[in-house]
Structures are given as structure tokens and as C-alpha cells.
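Asker: Sequence first, predicted coordinates after that:
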Amino acid sequence: MQPTLAVIDIDIHAGQDEIAREGLLEHLSNSHDQCITPLWVNWLRERADLRVVCLVDDLARFDDFLVDVIRTVPGVRGTSARLAFDGVVCADALMDIAIKGALWDRRAAATVEVKTQPGSDREVFEALVRLPKHKEVEVVWVFKTLHSTEADLMLLLLGERTAALTGYTMSWVRTTPGVIDTQVTTVLDWQVLGQSDDFLTLAERFPESAPCRQTEAAA
């Protein structure tokens with residue numbers, strides 16, 4: 001079975017943020033399950049306190065990873081996970097994250113969760129894969145999360161300013177025919193855990209079938 005992308009949101013008890021953050025990083029660094037490859041940890045502004053993004057080679061091992069590595073961290077109040085079995089990764093933008101590593105330059109980043117009109121799912125996905133270029137915004141990926149109760153598609157955006165990501169979402173994502181609603185989650189910080197080969201594996205698993213952005217958007 002090909003690897004699956006997993007996005008794990010972690011809610012933290014108030015007042016235990018630093019304890020949970022350090023404990024999570026320690027647990028992830030000490031985890032040696034070769035079937036689960038953590039790529040990075042995000043600090044978030046909305047919806048959850050921490051987010052772990054990882055590649056899962058064996059879904060039968062995923063529950064144990066959640067229980068033993070994530071949910072045993074002191075301060076964790078609860079977790080929720082979404083799995084992506086299909087989607088498109090823009091390799092150049094993804095490798096930008098990998099190269100920055102711990103020296104992340106504080107570029108703005110956001111996850112956009114998209115609700116689609118049932119029956120228009122394929123058309124919306126294809127339209128979002130071909131979102132137009134913007135000089136301040138890069139689309140890292142577009143993933144299908146149709147089994148989730150929260151969103152049908154998930155995008156990751158990088159940009160120079162948070163305002164640019166918000167404007168891009170309003171102008172291009174929310175105006176796509178078949179999009180019912182969106183929710184933007186702002187990323188405050190990163191801790192990259194994966195190696196360059198892990199990011200290459202992700203890009204190869206979800207290759208670009210066509211350019212992710214084909215036309216030039218207005219600035």
C-alpha cells in the first residue's frame with residue numbers, strides 16, 4: 001500500500017502549552033516506528049494548538065502511534081486526525097519547507113479547509129489544483145479529505161503575508177464554482193522533523209499531473 005498523509009490536530013489543556021510542545025517533540029524524536037514518518041509540527045492560531053503532519057506506510061499501526069506517541073504527552077486534551085489518500089503536491093513549494101528546516105524564515109502559512117457541493121467534487125478538485133499564480137502566494141498541496149466531517153478538500157498555502165493568503169482564498173478559492181464554504185487556519189511556527197528524502201517521498205506519492213498553477217493572478 002502506498003503511504004497516506006495524516007494530519008493530526010492536538011488540543012492542549014490551558015496553561016500546559018510549553019509542557020505539551022516539548023513533550024510532543026521529545027516523543028516524536030524518540031519514536032522509531034518505521035511505518036510512521038513525522039514531517040513537521042505546527043503551532044496553530046485556531047482550531048487546535050498543535051498539528052503533526054506525517055506519512056503513514058501502514059494504517060494498521062496508526063492507532064498505536066496516536067495512543068503511544070501523541071496521546072501520552074502530558075497536557076494533551078484530545079486529538080483528531082484526517083487522512084488523505086489522493087491529492088496533488090507541488091514539489092517545489094514542498095521542498096522549500098524541507099530546505100528551511102529549523103531555520104524557517106517566518107513566511108506566512110495557512111491551511112484552507114474547503115467544503116464542496118456534493119456532485120461537484122471532481123470539478124472543484126481539478127479547479128483548485130490549477131489555481132492561478134500569485135507573486136505572494138504558493139500552493140503547497142491540494143488533498144482530498146472527503147471522509148472527514150470537517151472538510152472535503154484541504155489546501156496548504158505559503159506566502160509573504162497572512163493578508164495575502166486571506167485575500168487569495170477569498171478571491172480564488174471561495175469563488176470556485178462548487179465551493180460551499182472555507183475555513184482558514186493560520187500557522188504560527190514550524191518544527192521540521194522529516195529528512196529531504198521523506199519530502200521527496202511525499203511529492204512522488206502525490207505527483208503533479210499538471211502544473212498546480214497555470215495562469216497569472218492579479219497581485
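Answerer: Structure's in. What do you need?
Asker: dump the residue contacts of the residue nearest the centre of the chain.
Answerer: The centre of the chain sits closest to Leu156, judged by CA atoms, centre = their mean, with a distance of 5.5 Å. Contacts were defined as CB atoms under 8 Å, 6 or more residues apart in numbering; by that measure Leu156 touches 109-112, 139-141. The C-beta positions use only the backbone N, C-alpha and C, and glycine is treated the same way.
Asker: for those residues, which one is nearest Ile99?
Answerer: Using CB to CB, Val140 comes nearest to Ile99 of those, at 13.2 Å.
Asker: For the closest one, give its distance to Asp198.
Answerer: Noted for Val140: a distance of 15 Å to Asp198, by CB to CB, to the nearest Å.
Asker: these two touch, right, Ala20 and Val76?
Answerer: Yes. Applying CB atoms under 8 Å as the test, Ala20 and Val76 come out as touching, 5.9 Å apart.
Asker: Identify the contacts common to those two.
Answerer: The contact lists of Ala20 and Val76 share 10, 12-13, where a contact means CB under 8 Å, 6+ apart.
Asker: Now, of the contacts of Leu156, which are buried?
Answerer: A residue is treated as buried here by neighbour count (16 or more other CB atoms under 10 Å); on that basis the buried members of those are 109-112, 139-141.
Asker: if we can go back for a sec, which of the shared contacts of Ala20 and Val76 tops the neighbour count?
Answerer: Taking other CB atoms under 10 Å to define a neighbour, the member of the shared contacts of Ala20 and Val76 with the most is Ile10, carrying 25 neighbours.
Asker: In three-state terms, how would it be classified?
Answerer: On the three-state scheme (DSSP: H, G, I helix; E, B strand; the rest coil), Ile10 is labelled strand.
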